[in-house]
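Peer 1: pasting the structure only:
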């Protein structure tokens, strides 16, 4: 996915893509009432990110980066040398994108989607980087990549427009749920979430309710990504066999079969294996809130299908 | 937490627009009982499932009744009922029952004339599962 992906999504600086100055992307912190972590990367964290990603670099990587940046600056945009240097730079910095994308996982969006949008940010950064400015490329690229990922959450994540405060509340609750579950080994109560986040129980309930409006577009979007995962596909086969043994109305079979693979798996794990939402979340690698949403959505799809059938 | 064991009754028009209120109320009661989020979200799904089933079959212009009764040991019973056109329950082998029995500890049903009732019983799960 490295070089070819960079090529697929490659954009020249003047191709009409929304042209935001990278420096303009990180937004000021929201006022009181939101969890600080909602802003994701503090300046200290940004420094940490850079330290962690660049410390894995060998001296030859650094030399190569300098060389590529120099080639990029000196060659004609559109020329083969320019294109090659551009692709190579993007490839070289993909670990940075992956690192940053992982900061946003467990928020209901598939990691590979985050890596993809982050890569778009990286490409933008490569195209705009000015070697004369004298800053490290990773310092320059980080806010652009993070900005692109955050924009993805803001623009694509919600099925209906939900106030920013609620969106951030949902994110905070998701993180707190994961943190508390990890320390206690069970899913937290509303009171525990409220204490942990310094919010009232009513606010937590509001956030949980609001989370139901969050959509990952998963019914349409997820299938492609999962085709690449042979392990999951293998296990799905077993679950399908198990489904055959369960008594339910014949009319339900095609409806369940029509669910995307991941939704079907969640349904089976919850209703036929008796796993809890948290356990499923762990197994599939998404958040418990995401599991909850997908279950609600799948049940609604099945119900609608059955009603139409009658 | 005063009066936490007193029943709470809610009657809404039997229309899908009001299902969300019933569901949200049930969730709020679960939170008062200090249920964990897994259990609470299961109750949300279960109440949604039953309420939607009843409302879909309800006699025009009638109500959906919901009674939430907290019991000892932080158990909760949610009784939902409505007057239905079919005056019958969905078949016992239907998917809805498989779903409900996975979500709550006990499901009890009743038919009295055209009034169909479903009682969901659940409790706080103090699990120590991995």
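Peer 2: Right, received. Where do you want to start? Quick caveat, the model's predicted, so the values are computed rather than measured.
Peer 1: which element is residue B:88 on?
Peer 2: Following DSSP states H and E, one finds residue B:88 outside all helices and strands.
Peer 1: What sits closest to it if chain neighbours are left out?
Peer 2: Sequence neighbours aside, residue B:111 is the residue nearest to residue B:88 in space, at 6.5 Å (criterion: Cβ to Cβ, 6 or more residues apart in numbering or on different chains). C-betas here are computed from N, CA, C, even on glycine.
Peer 1: Do I have it right that that neighbour meets residue B:82?
Peer 2: No: applying Cβ atoms under 8 Å, one finds residue B:111 not in contact with residue B:82, separated by 11.5 Å.
Peer 1: more neighbours, these two?
Peer 2: More neighbours surround residue B:82 than the other of residue B:111 and residue B:82, with 24 against 14 (other Cβ atoms under 10 Å in any protein chain shown).
Peer 1: Which strand residues bridge the more buried one?
Peer 2: residue B:64, residue B:116 (DSSP bridges).
Peer 1: what mean pLDDT does stretch A:125-139 have?
Peer 2: Here stretch A:125-139 scores 84 as its mean pLDDT.
Peer 1: now swap in stretch B:80-90 and tell me
Peer 2: Confidence over stretch B:80-90 (mean pLDDT, whole number) is 89.
Peer 1: Equivalent analysis for stretch A:201-220, please.
Peer 2: The predicted model gives stretch A:201-220 an average pLDDT of 67.
Peer 1: so does the host helix or strand of residue A:177 get close to chain B?
Peer 2: In this structure, residue A:177 sits in helix A:164-184 according to DSSP H and E. Yes: residues of helix A:164-184 contacting chain B under Cβ under 8 Å from any Cβ of the partner chain: residue A:177.
Peer 1: mind listing what's buried in that helix?
Peer 2: Judged by neighbour count (16 or more other Cβ atoms under 10 Å in any protein chain shown), helix A:164-184 contains these buried residues: A:165-178, A:180-181.
Peer 1: what does stretch A:202-213 give?
Peer 2: Within stretch A:202-213, the residues that qualify as buried are A:203, A:204, A:205, A:206, A:207, A:208, A:209, A:210, A:211, A:212, counting by 16+ other Cβ under 10 Å.
Peer 1: These: which ones sit near chain B?
Peer 2: Restricting the buried residues of stretch A:202-213 to those within reach of chain B (Cβ under 8 Å from any Cβ) leaves A:204, A:205, A:208, A:209.
Peer 1: With distance to residue A:301 and secondary structure as added columns, please give these in TSV.
Peer 2: Listed next are those as TSV, based on distance: Cβ to Cβ, whole Å; DSSP: H, G, I helix; E, B strand; the rest coil:
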residue	distance to residue A:301	secondary structure
A:204	28	helix
A:205	26	helix
A:208	21	helix
A:209	20	helix
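Peer 1: so residue A:192 sits right up against residue A:181, yeah?
Peer 2: No: here residue A:192 does not reach residue A:181: they are 10.1 Å apart, not a contact under Cβ under 8 Å.
Peer 1: ok, the buried residues of helix A:164-184 vs chain B, which is closest?
Peer 2: Closest approach between the buried residues of helix A:164-184 and chain B, by Cβ to the nearest Cβ: residue A:177, at 6.1 Å.
Peer 1: That closest one: what's it in contact with?
Peer 2: For residue A:177, the residues meeting the contact criterion (Cβ atoms under 8 Å, 6 or more residues apart in numbering or on different chains) are A:187, A:188, A:193, A:287, A:288, A:289, B:37.
Peer 1: Got phi/psi on the fourth one?
Peer 2: Just to be clear, that refers to residue A:287. Its backbone dihedrals place residue A:287 at phi -80, psi 160, with angles given as degrees, to the nearest 10.
Peer 1: What separates the first and last residues of stretch B:102-119, distance-wise?
Peer 2: Using Cα to Cα, to the nearest Å, the gap from the first to the last residue of stretch B:102-119 comes to 14 Å.
Peer 1: Please work out which residues outside that stretch touch it.
Peer 2: Residues from elsewhere that reach stretch B:102-119 (Cβ under 8 Å, 6+ apart): A:270-272, A:274, B:42-43, B:45-46, B:49-50, B:53-54, B:57, B:59, B:77-89, B:97, B:100-101, B:120-123.
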